Structure formats: structure tokens, C-alpha cells
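Undergrad: all I have is the shape, not the residue letters:
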Ligand SMILES: Nc1ncnc2c1ncn2[C@@H]1O[C@H](COP(=O)(O)OP(=O)(O)OP(=O)(O)O)[C@@H](O)[C@H]1O
Ligand SMILES: Nc1ncnc2c1ncn2[C@@H]1O[C@H](COP(=O)(O)OP(=O)(O)OP(=O)(O)O)[C@@H](O)[C@H]1O
Ligand SMILES: [Mg+2]
Ligand SMILES: [Mg+2]
């Protein structure tokens, strides 16, 4: 530990708002790493607004830290000038949560697109979907918005497998207050009673209310296959009760912990270009009990 | 001295629409009818309605409180954080200490204190309530994240408890929380139209100078108002928590724009001095039904938001036009031109 | 008849703080000083300031427009969608047709038309502007997502163009867009305080009945007002796009609360009839600096929002107290008690 | 009254919802005439002048200014100003948060061709009117004082000063002496006389019959929205006039009960 | 005036920022006294009664009601009502969007012990006052009419009706006859006489010296915030009074120029 007692200052973009479901574990991970490596960690929150992420990146550069961890949501083109500036000033840049293709920077997060594909495949397998089944994908279809890449991956797979799907854009309000999505989804299910599955690519909160949706639509557990993202206590309960079939875990704790490590390694030893797909885990009825304990602490 | 026209007796339809809330109720019915046509499968069944009634009470209760606030010429934007705070207190006490009714009381007390502090900031620091409560939205919101350490809490096992049946249970398929919301609506109506507190708010919103001169204790009434708003927001928070059995630190944020919209769609004037409680009830229902109705009608992807905006405008205009066509300058113009 | 006190000559400090904007400028300076102490690494260098000056112009320009709107007793919440729409038009034309100045014109024209429509909705349908523009926020926002199909557009190669140097270039390290923002501020100040249009707005916001009776064409002035607001929002959208070289369909949404906060922190009254343009300039700066300053000072994540709220409240209170301690009821109370 | 009258109302009616404020009013104001308009509270006097000056459109009837028919839908206060009609309304017509100088010129500011206001010039004129015409003498008040700080009479003074400044053919005064002290009332009466001697016209609404009888050429009495009398002042003594007004009151069924 | 005075001001001063509206005013209102308060526009009359009735705190001096010293910081209009002081203010004190009946009772509604208003009772009383005391006779106006629809005089009538209804020991009237028609002015004067005969007291502010001289027991003249005269009416004829007022005007340097 002595060797890497860094004394570095790292600016870290956390993505959402302090403590929200998709952000918390990342914050905790980053803080843990910072403690271990004695890093001065400075957290920035953008409420998932790509515009704000850009502003924060330029503010980070202005403070001339040793390293900065950025979110990839604004896209490679938009980040170009920021990255150039950072390079000129010798600031280490690490990307998290959403990739910046073509930059060859260290990246920790899902291969979002791949995760979306993964989610679709898991849903098809666990829910035994066949071609011709009708599926609703409730997610983000606006580019640059969190979850947009995931949704894209999901729909690709569905297309390939010949599964009939409809896309529904979630509203800003529902993203903030998932309870608001319940009547919308109930109305959809009522209007389209032949819906076989609902896939929520990328929102822990909405995933957690899927059981309410089915209950209020008068569906029995398993009658409609559902799947979503991010393990939470609500999602665990949903899985236990059989209302939720699969939950993909992007293990955001790693997305917080690893970039700090990578930044320190790069700054100290010049070890660059690390990549880690954090999206390995998923939750089904089979492993629900083992994971439940960790969730309470906000680690998963 | 003026003289009423001794013309034919008044049109009974026009008279009917003079009753508080009938025009907006009519607009709401039209909307439901429309969705019955465009999405018969969903809107001819009962489930959609039960789902609304389960989910609309929290924003409706906040909107009712906000109606009083707007009547007094003030604004409260801090309610999302109060909702979150009350939700957290309730969940935390339930989870860690197995409290139920005490947890409810504590949650309500928390909201009440927060509202009281809002009232103090507005009256004692003299900060206009819009900016003061916007600041408090951040302040309280930050605080709840700090105390909850950002974590979400889930209390799924509350579903068996008595308190859950009382606040989020079902009578048959009917969600009891809707009865609570209606109860709050009746109470707020009585307060605004029949209680001295409501009268004070009406005069405060109408003209501060006049309110002072007729002997209304302006600061005290305003503090009471924000305190009540805090209490109602907290109650909404508890109802929300019972229904979703979860606390998120973002809880309530999604209500910010929709609750404000509900109040004004209901016809309450932003200029203060007048308020329509029945309007707010239907305003909340309209706001809640629009998106679900559009989705069930199969409105394609990105058009939903566009249509939400459109329905807002049409609803507000129709509400005004049914009450009195002369309230809509365009119609007034057309009518006076037609008369010539 | 009243008589001025023939006491000692006025306190020069008090006189200085009577000049428009000096109290809020002072609050801003205090804040900068504070951050210099708590985050010397960032705030003693020049880079942070350059970064502000590059990023603050879009919200500042919108806030300047909104100041006029608030002076007239109205509200405009639709600006985020106008920002997005203008940004889209600019990017799309640049990308697909290689237009530069024409793309700028088209973007500004789009915003102007949107503002004009907002004005029509407010005046001709008689919908209160708060709810009308909230509806238009959804409507325009939905529309831009539809036309852009939800895609983002990136135009990184605009950085070489003349138009980019004019609107988002650097003079040395100094971002030129800040000059544009200052230019707009001077213009808006002149319009509000020295132009007949501004005078009309002042009277419309002060008292509609009076405005009518003194011969102000209320509807026409309001339509002009919303049109101007649309134009300014579009200009902000273009500046934003030039700086980030990207269009997101969510662009501008992040400004909703901060721009409103900037106007009111600047001291413009929500009741209309008076406005502080200089205040808005510093209000925008304060809003922009708070979060960055707190973050750079190492305030732990969850506490940031809490402190943002606190700083808002302290700034507004200080701004009022420096101007006139009697404006803060608490201070007034203390002072009058001390005097006895 | 052989020349074309300045304004002429023909069968003008005005309803607010089901309240009838004016009923079939036909009235002419000739050149260089001072017309006293009197009547009970709520008789419709203020409504009449609101119709006349473009504040409210009539619900029926037509309006002529200098013989030209006016299109009611496009008739506004601004139009009235252009037609050289100037009014002091009964309800305050001052922007309370605005400084005195703006209140003098609002609606008709002194501007350059880009519409920018010549603040210095406006302040100078306002200062002059304030000091000379309506006699503000307090050191605490200057042209930058917002109206909200003025006493009731001072406000009325500002409104009248404004009417005095803008030279017009027809000046309408709705209870202009309200709230004014002794001496200032005399100034208003002098002003009305100067209107006459300047060859212009005036409509003067006032409950103080004494004043009306003193300065008016012609008397018009409104009763419950209708014209009950329209006669030259010389045809009636002060006593006859009060008796006539009292007899009007007597006709009222409800009023008779008390 | 041998009994304790109802109110007593001692060395009261009031500044608005640097504007001095009242300067060292010492004044008593005795039991069963009608005091006429006169003075130029902006003399400080309205300010004086605002201080007296708890609308504005004085900046210096003390206030006694029935011999008891009043704590300025907690003295409000509500307190004044409790001390049985009732006021008709010069600026409108009516909520424009509110119906007539609410305007009668606001601040002192008829409620049950939970604070709920007995709307029926309030409307009945309001109706009665409206029809009998101030004489509204129009069919277009009832107790549910919002004040914004009333004519200027009708509004003033509502304000006075309110003062008539709430039985008080001291009634303060700030230019109550403003905007009222002939007959209604007489009613107000009758009302003031009835105050006297009912054994109560009144402060009556009015620019019409005639009226003041007619009904008041004592005259107080304010001049630029100071008391210039405080004498029983019987000590001065109407003419002497007007001469005195004119001489006050004459003392003014600026005024003398005109
Ligand atoms: N905006 C309005 N809505 C409804 N009724 C109105 C409106 N304005 C005036 N009225 C009614 O019209 C009648 C005439 O009012 P108006 O103001 O013309 O009277 P007035 O003769 O000027 O009285 P006063 O001497 O009291 O000023 C009144 O009975 C009043 O109630
Ligand atoms: N809120 C205020 N702020 C500043 N100055 C004020 C304020 N209210 C009154 N004044 C000033 O105090 C002086 C006295 O005003 P006040 O209203 O007492 O006069 P008044 O004797 O009632 O006059 P009037 O006969 O015109 O009603 C005036 O010169 C006025 O400008
Ligand atoms: Mg009138
Ligand atoms: Mg006065």
C-alpha cells in the first residue's frame, strides 16, 4: 500500500444524482478505492444530463487534477476537445459506465450494447420466448440518454430472433419516480393483453415496480415474463415472488472502484488501456438469496 | 345602479356549468370517452381505473395542498424532498424498529417540521416562496440522501400489516388510498371555502395590503400554510411508500412538474385570491390519465410527449371556454364578430 | 408634505450599495473568496474562470430573457425545448447541407417562431403563461424528439469554421461567448430601462388594468415578449451547440431549474413590475459557481445538494440585507428591538 | 354646437354579463363645451367614459369621433389618445411600483426613432409639472419616487398633472377632485376653466353638485344606465338641480322604503 | 375629557426611510368626542391613523389605549379591533376578487368553535347592511358579487357599511365620503352624528372643511407632519378656520411662488 499511497486528486463523474439507484454503488466503490489508495476523491453529479457531464469535464480540467473519471454519455465527438485538453495538460482520463469508442482510454462499465443483448438473451432463455411472441421494451430510445445503448442492444437481439416487439419511451418523470410508470404499463398490458414479456433495459427503479404492474394488471406471477436491470431490494422481492424473471446486474460498485485504481496505476506506472466488463452478474430465482444480503448495504 | 337583464330564464346547461368543478369534470369525462374509443380494450375494463386510483392519490394530495398555497399567492417547490424524507423516515423506522403507526406519526411529524421551516424561511427571511422552496428542495433533498446514506429501502413485508390495509389495501379491487385522497379533498375544500384559515388565505393572495389592514396575521397564517403543505406532502409520501413498499432518495421528484400542472389545469389562478379544489382533483386525474391513455391508444414512440402538451392546452382552454366562452379571447373575438 | 431628514450626509457605503447590482456582485465576490479559501487549487488558477465563462453564457442569456418575462408578470418554462430545437436545426443543417451562417439564421428563426406561438397561446387562448409554457415544454420537446428521431448529432468539424471562432472561439484563453452574453445583458438592460417596450413590460407586470388604461397594447407587447424570449433561447441553444459541438434531444432540460433560480437570486421580483438585469447576470454566475465550488472544495457527494440549497438561501438573504436590512423581517425585528 | 361634435354616442349599451350598466345612451359632446356628468353611485358614469375612451367596448350602439364612425373592436386607449382624447380615470391609473416620471409619460414616452426613451427630457418635464402645476412641495418626493410612496391626494395630483400636460381636444375627468385638499381642488376647477378658455372640451364627473354647477356649460344626469336629463346649466339653478336629483332618488321603490 | 382618553399618542414620529411623515405628534382622543383631522395632501393624516390602528409601527414615541401603554412591536390591526377601534382606510381595504359578504366579515368572521364560518349567517347580515344601511338597490348586485364588479362609490359604501356594523368605541374614518353621491354623503354625516349620540368617539379625516366643521367637536390640523392646531370647533367659525388653513399654506416658501 505504501508504494501506491498516491496523494492524487481525482475528479469522478458519478452520472446521476447523489444516492440514486444507479449511482449509489458507484459512489461507494469509488470512495472505498479512494480510502485504500489515499486518493483525494472529488465527486461530480450530473443527473444523467450529458450536457452537464461536458461542463463538469471542463470544470475538472480547470482544477488540474491528476486524473479524471468521466461518463461516456456525451459521445466521442462531443468529448473530443475535452479529451485533447486533458491530454495536453497531462491529466489521466478514465471512462466509466458508458463507453467512448475509438478513444482507447481505460473503460470500466458494461459493454452497454452487449449488456442489452445479454438481457434480451437471458429473458428469452429464462422466459422461454419464441419467435412470434409479443414483447414490450420500455426504455430509453433517445440517443445520449442513459440506457439508450442498452435498449439498442436489446432490440437488436429481439429482431434477430424474430420476436415481435414494441418500444415505449419512458418519461422523464417516470425515470425520477418509477411509481409513475405503473399505470402506463398497466394500461399498455390492458390494451395489449397478448403481451408475453416486458423488458426494461436499464432502470433499477422501474425494474423494482414491475411486480406492481403485473399485480395491478391482474396477471399471475410468471404470466408475463419480465426482466430488468440493477439489483435492488424491490427487485429481489419481485424475483422471489415470481413476478420478475431476470435482473441483470451491472455491478456498479466495480464501476466506482476500478476507475480509481486504474487512474492511480496509470499515473504512477503508466499502465493504460485497461478494460473491464462489469456486467457479469444476473439475478434469478436460483441465486436470489445469496445476493440479497449484499444489496442492503448498497454494494450491489 | 345596475339592473339584471329581464331576458328569458337562464340556460340550464350554462347554469349547470357554473357549479364548481363541472366544466373540468366534463373535460375529464370527454378524455375518458376519447380513450374508450381509441383504446377500448384498456379503457372499457376496470383494471386501468383501479391502477389510477392506486397511483394518483399521492400527487393528488400534494396538488390539493399546493392549491391552498397558490391561493395565498405563494408557491412550494420543495414537496418532492418532503415526500422523500417522510418516505425515508417511515421505511427506516418500520424496518429497523418494527414501528407501524408510530412510524406513520414520525413521518408526518417530519414533514410538518419541514413545512414549518419552509414557512419560517419565507416569512422571517422574507425570501419569495418560489426561490425559497426551490432552495429547500435542494437542501432537504440533500439532507435525506445524507441521512439515508443514499441507499434505497424496501419494506415488502409491510403488506401483511394492518396499517397497510388501512392506507394501501383494497376493498375488493378498490384501492382504499383513493378514499383517503377524496377525504383530503373534502377537507381542503372545507378549509378553503368555509374556514377562517381559508378566508385568510384568500385575502392574503388577493391583496397583501388589504389582508394586513383587515387584521389578518399574515406571517402566522403563511407559516401555518407551509406547515400544512409539509404535512400533506409527508402523508403523500407515506401513501406512496405503502403502495410501492420502497423508499428511493429520488422519490417525489417525478411529481414536480405534474403536480404543478394538475393545480393549474384545474383552473386555480396563479395570481392568488381564488382556488378551485374540485378542479385540482380532476386536474390530477387528467394529468395521470393522459400518458397511459395515449400509450394504450398506440400513439407511437416519441409522439407521446407532444400529445401530452397538446392535451394540456386543449384541457385548459376547454375548461375556461365551458365556464364562460368570453374567458378565451379567441372565442370572444369570434363571437363578437359573429354578432355584428 | 414629507420632508427629508436633515441628518448627517448619507453613508457612502450604503449609497454604493444602492447602485443596481452592487449588492449581488458583492455576494458573488464573497462566494469566490470563500472558494479560494476552501478550494485554492481550483479557484486560484484562471482555468476555472475560463471554464465558467465558456459554459455560463447559454443559461445566462436565457435568464436575461426570462427576466423580461418575469418583469411582465409572466413565466416561460418552455425554453429547454426551444434550446433543443434550435440546437437540432443548427446541427442538422450544418451536418447535412454544410450551412453555417444560414444554419444560424434558421435556428434563430425556429426559436423566434416557437416563441411567437407561445405568445399566441398565452394571449389568444388566454391560458396563464406558467401552465401554457409548461404544456409547450412538453409539446415542443416531443416534437424535436420526433423530428430528430431521438438521435444525437455531433458536428466536431465545426471547430475550424469562422462561425465557431465568432461564437465559441477563444481570444487567447478568453471564451468569446462570454462577450456575447455581456452584449445581450447590455441590450436587455437598455430595453428594460430605456426602451418603450421595456416600459410597457414594467407597467403590464405592475398592474394590467393600469397598463390597459394608459394605452399599452397588452396582447401585442406580450406576443413580442415571448417571441424575444424564443429568439434568445434559440441563441443560447446555438451557443451551447457550438461549445459542445453536439445536439442532444435532452439539451436545455438541465437549465430548467437553474435558470429560474438565477433570475430570482438576482433579485427580480416574482410579482412583476420590476426587474434587475445586473442581478440576473450575477445570479447566473452564482448558480454556475456554487456546484463547481462545492465540488472542488471537497464537499462529500451527498452533501452537495444540501449546501447548494443553503448557499441559495444565504445569497438571496444577503442580497436583500445589503440593499436594505429592513427587507429581511428577521433583521428588521432585531434592529427595532435593539433600538428600544 | 353647430360644428361637428367631438364625440357622439348613438344608442350605446353596455352589459357586464347580465348586469346592464348602460342602456341606449345617446349623447354628444360639442366643441368647446364643458359637460358635467352626474348621477348616483353605480349609475354608469364611469362605464360611459370607459366606452368613450376605448377601455371597454360597448355591447351595442355606435361611437363617432369628429363625425367619423369608430370601429369598436379596434378602438383602444391608444386610438383615443391619437384622436386627442385624454382621461383621468376614477380608479387609480398609476403603476404603483414605477417612478413618477414614468407614470407621466407611459403610453406616450419621448423617444428617439429606435424607441429609446429620452429619460432626461422626461424627468425634466415631469419635474416641472410636479413643482408648478400640481404643487408637490415635499423634499421627500422627487420624480424618481415610486407612486406607492405617495399619499392619496398626491396620487390624484399626478394623474391630473398628466392630463394637464398632454394637450387634447377633449379632456375627461372622472371625479378628479377626490382626495384633494382645499387649494388643490381650486386648481382643478381653474384647470377646467382654462380648458374652456383654451377652446377645448371637457367631461367632468363629480358628486359635488356645487362644483359642477359652477364650471359646466351643460349638465347630463345618468340614472340607472339611462340619460335622465341633458340640459344647459343656465336652464337650471343650483337648487332646481338638487331638487331634480332628489326627485330621481324618490322614484326608486327600494330607496323609498328608507 | 376628564375621563381617561380612549387613545393617546405621545411624541409619536414616523419615518419611511428618510421621509419624515410624522414629527413629535402628541394627541388625545377623549370619550364621546368627534375629532376632525384636517391638513394638506401629504400632511401625514393617513400615516397618523395607520400608526394609531396598528397598520404601521411608529418609529418613535408611545401609544396608550385607555391609559394602557401599547407595545408597538406586537400592536396589530387585530389588536386594535380587540381594543374596539374600527377604521375605514383611505386606500381600498377590500379584497377585489372576494364576494361582498366575505369582505364584510373578513378578520372577524362568524364561526363555530372549530373555526368554520357560518356562511348563511354572514350572508344574511351582509344582505341586511347592504340593503338598509348603505343603500344598494341594484338587482345586479348581491352579497355574492365580487368587489371588482362594483363602482367606485359602491366600494366605498361597503367599507363604511363594515365600519357601521362592528360596534366600536372609536371609529376612524379616512375620507369616507370620497366617491359617494349626494345622498350617501348625508348618510355618512348622519352616521357620524349617531356615533356621537351613541356615546362613542370618532376621528374624521376630510378635505371638505364644511362637513368637518358641521359635525366635529374638536379640530386638529396637521401640517407637514406636525400638529398646527388642536382646538374645540366652537372656538372657531367656519371662516376663521379656512383663513387659518390658508395662512398655513402661505407660510410655505415654495407654495408662495404660485
Ligand atoms: N367589470 C364589471 N363587471 C360587472 N359589473 C360592473 C363592472 N363595472 C361596473 N359594473 C356595474 O355597472 C354599474 C355602473 O358602474 P359605474 O362604475 O359606471 O358607476 P358610476 O356611475 O361610475 O358610479 P360611482 O359614482 O360610484 O363611481 C355598477 O352597478 C357596477 O356594479
Ligand atoms: N409607504 C411610504 N413610503 C414612503 N413615504 C410614504 C409612505 N406612505 C406615505 N409616505 C409619505 O408620507 C407623507 C404623508 O402621507 P399621508 O398618506 O399620511 O398623507 P395624508 O395627510 O393622508 O395626505 P392625503 O390627504 O393626500 O391623503 C407623504 O408625503 C407621503 O409621500
Ligand atoms: Mg364611477
Ligand atoms: Mg391620506
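TA: It's in. No experiment lies behind these values; they were computed from the predicted model shown. Ligands and ions are numbered 1, 2, ... in the order given.
Undergrad: mind listing what's buried along stretch B:91-106?
TA: B:91-95, B:99-100, B:103-104, B:106 (16 or more other Cβ atoms under 10 Å in any protein chain shown). From N, CA and C alone the C-beta is placed, and that goes for glycine too.
Undergrad: so where is the stretch 1-150 of chain A shaky, pLDDT-wise?
TA: Applying pLDDT under 70 to the stretch 1-150 of chain A picks out residues A:1-6, A:19-22.
Undergrad: strands of that one, residue ranges please.
TA: Secondary structure of the stretch 1-150 of chain A (DSSP state E, counting those that start in this stretch): strands at A:9-13, A:40-44, A:67-71, A:92-96, A:106-109, A:134-139.
Undergrad: got those strands as CSV, with distance to ligand 4 columns?
TA: As requested, those are arranged in CSV below (distance: least, Cβ to the ion, whole Å):
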stretch, distance to ligand 4
strand A:9-13, 63
strand A:40-44, 59
strand A:67-71, 65
strand A:92-96, 70
strand A:106-109, 72
strand A:134-139, 67
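Undergrad: returning to what we had before: pick out the most distant pair among the buried residues of stretch B:91-106.
TA: B:95 and B:104 (14.0 Å; Cβ to Cβ).
Undergrad: any low-confidence regions in the stretch 151-258 of chain D?
TA: In the stretch 151-258 of chain D (pLDDT under 70), the answer is D:249-258.
Undergrad: re earlier: for residue C:293, find the nearest of the strands of the stretch 1-150 of chain A.
TA: With Cβ to Cβ as the criterion, residue C:293 lies closest to strand A:40-44 of the strands of the stretch 1-150 of chain A, at 11.6 Å.
Undergrad: how far off centre is the closest one?
TA: Between the centre of strand A:40-44 and the centre of its chain there are 20 Å (Cα atoms, centre = their mean, to the nearest Å).
Undergrad: is that strand anywhere near chain C?
TA: Yes. Using Cβ under 8 Å from any Cβ of the partner chain, strand A:40-44 reaches chain C at A:40, A:42-44.
Undergrad: OK, contacts around residue A:91?
TA: Going by Cβ atoms under 8 Å, 6 or more residues apart in numbering or on different chains, residue A:91 touches A:60-61, A:64-68.
Undergrad: of the residues you listed - the most surrounded one?
TA: Counting neighbours by other Cβ atoms under 10 Å in any protein chain shown, residue A:60 leads the contacts of residue A:91 with 30 neighbours.
Undergrad: that residue touches residue A:68, doesn't it?
TA: Yes. Taking contacts as Cβ atoms under 8 Å, residue A:60 lies within contact range of residue A:68: 4.5 Å.
Undergrad: what's the overlap in contacts for those two?
TA: When Cβ under 8 Å, 6+ apart defines a contact, the residues bordering residue A:60 and residue A:68 alike are A:11, A:13, A:91.
Undergrad: now the closest residue to the first one other than its chain neighbours: how far from chain B?
TA: Closest residue to residue A:11 apart from its sequence neighbours, by Cβ to Cβ, 6 or more residues apart in numbering or on different chains: residue A:60 at 3.7 Å. In this view, residue A:60 and chain B are 21 Å apart by Cβ to the nearest Cβ, to the nearest Å.
Undergrad: ditto for residue A:162
TA: 21 Å.
Undergrad: with adjacent residues omitted, what lies nearest to that residue?
TA: Residue A:162 sits nearest to residue A:131 (Cβ to Cβ, 6+ apart), 3.6 Å away.
Undergrad: okay, helices next: where are they in chain A?
TA: A:24-37, A:50-62, A:76-88, A:112-127, A:148-160, A:172-176, A:181-191, A:204-208, A:210-216, A:233-241, A:252-269, A:288-296 (DSSP state H).
Undergrad: wait, which of those helices is closest to ligand 3?
TA: helix A:172-176 (50.5 Å; Cβ to the ion).
Undergrad: helices of the stretch 51-200 of chain D, residue ranges please.
TA: D:77-82, D:100-105, D:119-128, D:152-165, D:182-197 (DSSP state H, counting those that start in this stretch).
Undergrad: now do the contacts for the closest residue to residue D:106 other than its chain neighbours.
TA: Nearest non-adjacent residue to residue D:106, counting by Cβ to Cβ, 6+ apart: residue C:214, 4.8 Å away. Residues counted as contacts of residue C:214 (Cβ under 8 Å, 6+ apart) are C:203, D:77, D:93, D:106-107.
Undergrad: make CSV out of the residues you listed and add pLDDT and neighbour count.
TA: Output for the contacts of residue C:214, formatted as CSV (pLDDT from 0 to 100; neighbours: other Cβ atoms under 10 Å in any protein chain shown):
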residue, pLDDT, neighbour count
C:203, 96, 29
D:77, 88, 23
D:93, 86, 25
D:106, 90, 26
D:107, 86, 20
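Undergrad: quick one: which of those residues is nearest to ligand 2?
TA: Taking Cβ to the nearest ligand atom as the measure, ligand 2 lies nearest residue D:93 of the contacts of residue C:214, at 16.9 Å.
Undergrad: give me the pLDDT value at the closest residue to that closest one other than its chain neighbours.
TA: In space, and not counting its chain neighbours, residue D:93 is closest to residue C:213: 4.5 Å by Cβ to Cβ, 6+ apart. pLDDT recorded at residue C:213 is 90.
Undergrad: ok, now residue A:223?
TA: Residue A:223 carries a pLDDT value of 89.
Undergrad: which residue does the stretch 151-258 of chain D bring closest to ligand 2?
TA: For the stretch 151-258 of chain D, Cβ to the nearest ligand atom, closest residue to ligand 2: residue D:153, 2.6 Å.
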